[in-house]
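Participant: Build me a model:
(2 chains)
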2 protein chains.
Amino acid sequence: GFAMPAIAQSQPKVSWRLASSFPPGLDTIYGGGETLAKYVSEATDGNFTIDVFAAGELVPAFEVVDPVSEGTIEMAHTVGYYFSGKDVAWAAMAAIPFSLNARGMSAWYYYGGGLDITNAFLADYNIVGFPCGNTAAQMGGWFRKEINTVSDLQGLKMRVGFAGNILTKLGVIPQTLPGGEIYNALEKGTIDAAEWVGPYDDEKLGFQKVAPYYYYPGWWEGGPTVHALINKDKFEELPLAYQSLLRTACQATSADMLAKYDYVNPTAIKKLVAAGAQLRPFSPEIMEASFNAANETYAELSASSPHFKTIWHSITAFRKDHYLWNQIAELNYDAFMQSQQRANKL
Amino acid sequence: GFAMPAIAQSQPKVSWRLASSFPPGLDTIYGGGETLAKYVSEATDGNFTIDVFAAGELVPAFEVVDPVSEGTIEMAHTVGYYFSGKDVAWAAMAAIPFSLNARGMSAWYYYGGGLDITNAFLADYNIVGFPCGNTAAQMGGWFRKEINTVSDLQGLKMRVGFAGNILTKLGVIPQTLPGGEIYNALEKGTIDAAEWVGPYDDEKLGFQKVAPYYYYPGWWEGGPTVHALINKDKFEELPLAYQSLLRTACQATSADMLAKYDYVNPTAIKKLVAAGAQLRPFSPEIMEASFNAANETYAELSASSPHFKTIWHSITAFRKDHYLWNQIAELNYDAFMQSQQRANKL
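Facilitator: Below is the predicted model of the structure:
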């Protein structure tokens, strides 16, 4: 809370609590909360502090929204799709299958109207939200057997998040399991496949030993936006300087998390392959079928959630142009560099 | 300067001047300086202000380093390669041909040791530097005629920056021209080709009318890092809170500039094509020959500049791993989305 009204003192003492949806073991994504807190505290000489609590310390990982809405906790660091049960619009503002990549999401949020559109939605929850992290494109997960055709997906028991709504149309039987139980379930064959995050986080859990086929890309998370969610009243009580600093620090944290993932993932993928992981791309047939199933799902969700319709309509309008431009200079630069990498010339 | 010592007051009045190397017409890249100033001023209630001066207002565009070294101007917003005449290491910290893309540069700076390595170099100039913007992969420029083979480059007069050192090995005759003179030179045929930035900035100058072949990618600028360069004494005199805020605001500005370019370029490329621009990829022959010529050049430069050698060695060590990982989840996600874009399914 405030020690004094904002007018009397430009840097009042403010002590907030942040409930993270992540365990400290996911050090890059959980670390985003700590980075944000560090940036804010340092810039205010320790006058504005944010204490970061790991998943479960204050409230369960996937229940951080309600206390922030109510103001019993000032803010959360989480991913919107955990709350798609409240309204599927929550998922659209984070990542849904075949949405924008990390740079596309950032462009949409800061210049394509995303900040305004998502905050109009979040206002219903008495929440202000800023993008505060991105993992980049994730992997498609670990499979005990190779998956080549859509028929290979029939009856496949897969631990997966929001994409389960779409995979179910292709015959997959989605499973919900905490991260810590995935390994044993794969080992016993209780499940056939599981997605987690990407090489750096996956490598710690040793999945390659029990489900060696490591598929890509994770088409359900092409550039998932992690959010800082802030109680709206608490935010509006802040001096304008602190409000601006929070926004700036979140934008910097997003860049920082992406940089860390981009730095640690290359080493991890090499370790995984050395340890036996078999890299496999999803077949064009599976990608196409998943894309079509996603579009069917989105038509249904647009009819049932007006907020989803608004957010997804805005994202898809930009997506069309983003991938038009993205394949010219950027793709051709990267494709050439990748060809040199494969030729061992880098 | 300071109104009071830092200890007596945590938010002393500080008024700095920033010399930009960019004209206001390049609103995205020039705008990065203004974004930085806004973030810093807002977060300090206007106590720490940075007045942004356009190229030429305080000093000429490409002479901003010396006054910052001397402290007659507190900071500059510029791109290192403008100063490769002092030491080619200046170019390596910004962009040289076939270096990292935008995300790769950010990963290298914040997690791969780039900040420390470049600041060890900048200390010789009494300067502290932070990445403060990125344009993303640029275009390869405008050509009056199609260019298919290396022999088509023989005697070609091209307005180009640092890449001129490499293109000259392929027979190009590099030209130096201010942005405002490019159009007339292309129209008259005084030059045969010119590179500028990318669709958004290029579109304002109407090059498609006089040199319609618009080549990609700009292999000399795969992800150019724009810098905030700060006089080291002035930086160290700042309260620690202001130092941290500057670093955070620069990191946020980098993300913001990339987001703006990513948002405005798609619309611009559509306008350019509608206005007659003919998109052309550089042929594999030209790309390969350029890559080989670049590597020869870097071997020479590493022998002549120890700082270049240190910086480039660090970048290339990471580059190898970056493009290994980059082609797995990220490339395959983007490639699929691009295929859907071309099939008009987005």
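
Participant: Skip the chain neighbours and tell me the closest residue to residue A:234.
Facilitator: Spatially, and ignoring its direct neighbours in sequence, residue A:234 is nearest to residue A:74 (4.8 Å; Cβ to Cβ, 6 or more residues apart in numbering or on different chains). For glycine as for every other residue, the C-beta is placed from the backbone atoms N, C-alpha and C.

Participant: ditto for residue A:66
Facilitator: residue A:59 (8.0 Å).

Participant: and the one you found, helix, strand or coil?
Facilitator: Counting by DSSP: H, G, I helix; E, B strand; the rest coil, the backbone at residue A:59 sits in coil.

Participant: quick one, phi psi at it?
Facilitator: Dihedral angles of residue A:59 (phi, psi; degrees, to the nearest 10) stand at phi -150, psi 160.

Participant: residues in contact with it?
Facilitator: Listed by Cβ atoms under 8 Å, 6 or more residues apart in numbering or on different chains, the contact partners of residue A:59 are A:19, A:66, A:67, A:73.

Participant: buried subset of those?
Facilitator: A:19, A:67, A:73 (16 or more other Cβ atoms under 10 Å in any protein chain shown).

Participant: Output those residues in a markdown table, with secondary structure appended to each entry.
Facilitator: Converted to a markdown table, these look like this (three-state DSSP):
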| residue | secondary structure |
| --- | --- |
| A:19 | strand |
| A:67 | helix |
| A:73 | coil |
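
Participant: Can I get the residues you listed in JSON lines including distance to residue A:345?
Facilitator: Below are the buried ones among the contacts of residue A:59 laid out as JSON lines (distance: Cβ to Cβ, whole Å):
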{"residue": "A:19", "distance to residue A:345": "48"}
{"residue": "A:67", "distance to residue A:345": "54"}
{"residue": "A:73", "distance to residue A:345": "52"}
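
Participant: Give me the neighbour count for residue A:96.
Facilitator: By the criterion of other Cβ atoms under 10 Å in any protein chain shown, residue A:96 has 28 neighbours.

Participant: Against chain B, how distant is the closest residue to it other than its chain neighbours?
Facilitator: Leaving aside its chain neighbours, residue A:96 sits nearest to residue A:162 (6.3 Å; criterion: Cβ to Cβ, 6+ apart). Using Cβ to the nearest Cβ, to the nearest Å, residue A:162 is found at 16 Å from chain B.

Participant: Residue A:162 is in what secondary structure piece?
Facilitator: Following DSSP states H and E, there is no helix or strand that holds residue A:162.

Participant: Please report phi then psi for it.
Facilitator: phi -50, psi -30.

Participant: follow-up on the earlier one: could you find which two of the contacts of residue A:59 are furthest from each other?
Facilitator: Between any two of those, the greatest separation by Cβ to Cβ is 10.4 Å, found for A:19 and A:66.

Participant: hmm, back to that, number of nearby residues for the residue nearest to residue A:234?
Facilitator: Counted with other Cβ under 10 Å, residues neighbouring residue A:74 total 23.

Participant: what's the distance between it and chain B?
Facilitator: From residue A:74 to chain B the distance is 19 Å (Cβ to the nearest Cβ).

Participant: now do residue A:271
Facilitator: 11 Å.

Participant: And residue A:144, by the same measure?
Facilitator: Per Cβ to the nearest Cβ, residue A:144 is found 20 Å from chain B.

Participant: ditto for residue A:40
Facilitator: 9 Å.

Participant: Just confirm that residue is within a helix.
Facilitator: Yes - under three-state DSSP, residue A:40 falls within a helix.

Participant: For it, grab the count of nearby residues.
Facilitator: 27.

Participant: Ok, residue A:145 next?
Facilitator: Using other Cβ under 10 Å, residue A:145 is surrounded by 12 other residues.

Participant: Tell me where the stretch 101-250 of chain A has strands.
Facilitator: Secondary structure of the stretch 101-250 of chain A by DSSP state E, counting those that start in this stretch: the strands cover A:127-134, A:141-143, A:157-159, A:173-175, A:193-194, A:213-216, A:225-231.

Participant: Any buried residues in the second one, and which?
Facilitator: Right, strand A:141-143. Here strand A:141-143 shows A:141, A:142, A:143 as buried, counting by 16+ other Cβ under 10 Å.

Participant: closest to chain B among those residues?
Facilitator: The closest of the buried residues of strand A:141-143 to chain B turns out to be residue A:141 (Cβ to the nearest Cβ; 11.1 Å).

Participant: and residue A:87, what is it in contact with?
Facilitator: By Cβ under 8 Å, 6+ apart, the residues touching residue A:87 are A:121, A:305, A:307, A:308.

Participant: Recalculate using a threshold of 6 Å.
Facilitator: By Cβ atoms under 6 Å, 6 or more residues apart in numbering or on different chains, the contact list for residue A:87 reads A:305, A:307.

Participant: Pretty sure it sits in a strand.
Facilitator: No - secondary structure assignment (three-state DSSP) places residue A:87 in coil, not in a strand.

Participant: where exactly do the helices run in chain A?
Facilitator: With DSSP state H, the ranges of helices along chain A come out as A:27-43, A:65-70, A:89-92, A:102-111, A:114-122, A:164-167, A:179-188, A:199-203, A:232-237, A:240-274, A:284-304, A:306-326, A:329-342.

Participant: Just send those back as TSV, with mean pLDDT too.
Facilitator: Output for those, formatted as TSV (pLDDT from 0 to 100):
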stretch	mean pLDDT
helix A:27-43	98
helix A:65-70	98
helix A:89-92	98
helix A:102-111	98
helix A:114-122	98
helix A:164-167	96
helix A:179-188	94
helix A:199-203	96
helix A:232-237	98
helix A:240-274	98
helix A:284-304	97
helix A:306-326	97
helix A:329-342	94
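
Participant: can I get the strands of the stretch 101-250 of chain A in JSON lines with mean pLDDT?
Facilitator: Below are the strands of the stretch 101-250 of chain A laid out as JSON lines (pLDDT from 0 to 100):
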{"stretch": "strand A:127-134", "mean pLDDT": "98"}
{"stretch": "strand A:141-143", "mean pLDDT": "98"}
{"stretch": "strand A:157-159", "mean pLDDT": "98"}
{"stretch": "strand A:173-175", "mean pLDDT": "97"}
{"stretch": "strand A:193-194", "mean pLDDT": "98"}
{"stretch": "strand A:213-216", "mean pLDDT": "98"}
{"stretch": "strand A:225-231", "mean pLDDT": "98"}
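
Participant: To residue B:91, which of the ones you listed lies closest?
Facilitator: Closest among those, once you apply Cβ to Cβ, is strand A:127-134, at 29.3 Å.

Participant: now for that closest one, which elements pack on it?
Facilitator: If you count contacts as 3 or more Cβ pairs under 6 Å, 6 or more residues apart in numbering or on different chains; DSSP states H and E, strand A:127-134 packs onto strand A:225-231, helix A:232-237, helix A:240-274.

Participant: which outside residues touch it?
Facilitator: Contacts of strand A:127-134 (Cβ under 6 Å, 6+ apart): A:32, A:68, A:102, A:109, A:118, A:122, A:223, A:225-230, A:232, A:235, A:247, A:250, A:253-254, A:257-258.

Participant: which residue sits closest to residue A:52, ignoring its sequence neighbours?
Facilitator: The nearest residue in space to residue A:52 (Cβ to Cβ, 6+ apart) is residue A:33, at 4.4 Å.

Participant: Against residue B:132, how distant is the one you found?
Facilitator: Distance, residue A:33 to residue B:132, using Cβ to Cβ, to the nearest Å: 25 Å.
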